[in-house]
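>>> Need a 3D model of the following:
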Amino acid sequence: MHQMITYLSFNGNCREAMLFYQQCLGGELSWQTIGETPVAKKLPASVQNYILNASLMKDDWILMGTDMVADEGLIRGNTVSILLECNTEEEMRRCFENLVRGGKSTQDIERTYWGALFGGLTDRFGNQWLLKYADYETD
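The predicted structure is shown next:
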């Protein structure tokens, strides 16, 4: 497997969410709206500004998103989490504090029995995040 990409679905607020994630995590953000595709003429004006595909890329990770939802609608749950493996403790704490704004902490950052720092949160869009910093040079 070359890589695993987290792909999030939204209900008309993909642009807002991806801009928020870019502000929190950095990276290069690009997107394509429905109106920019060949099928735009077949779809109602109300969805022309919806995001077909968005990609936030930084270093060796990609976070993708879309406003395109199946006919049964968007069903939020806790079946998907985004795990960020951070390079430093400072980076981890900064990302946690940024992402938790408007959301809630589900697990405060604390040292685990295996020597890593670990924490979890639900962001303001209802998505689950897990953050880890493995400092294997500890005592």
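
>>> Without its sequence neighbours, what residue ends up closest to Ala80?
Heads up, residue 80 is Val, not Ala. Residue nearest to Val80 in three dimensions, not counting chain neighbours: Gln128, with 6.7 Å by C-beta to C-beta, 6 or more residues apart in numbering. Backbone N, C-alpha and C define where each C-beta goes, glycine included.

>>> Now for that neighbour, how many residues are close by?
18 (other C-beta atoms under 10 Å).

>>> same check, this time on the one 4 residues further on
Counted by other C-beta under 10 Å, the residues lying close to Lys132 total 16.

>>> With Phe96 instead?
By other C-beta under 10 Å, neighbour count at Phe96 equals 21.

>>> just checking, next helix/strand downstream of the helix or strand hosting it?
Taking DSSP states H and E as the criterion, Phe96 maps to helix 89-100. Once helix 89-100 ends, the next helix or strand along the chain (criterion: DSSP H and E) is strand 104-111.

>>> on that earlier part again, off-centre distance for the helix holding Phe96?
Centroid displacement of helix 89-100 relative to its chain, using C-alpha atoms, centre = their mean, to the nearest Å, is 14 Å.
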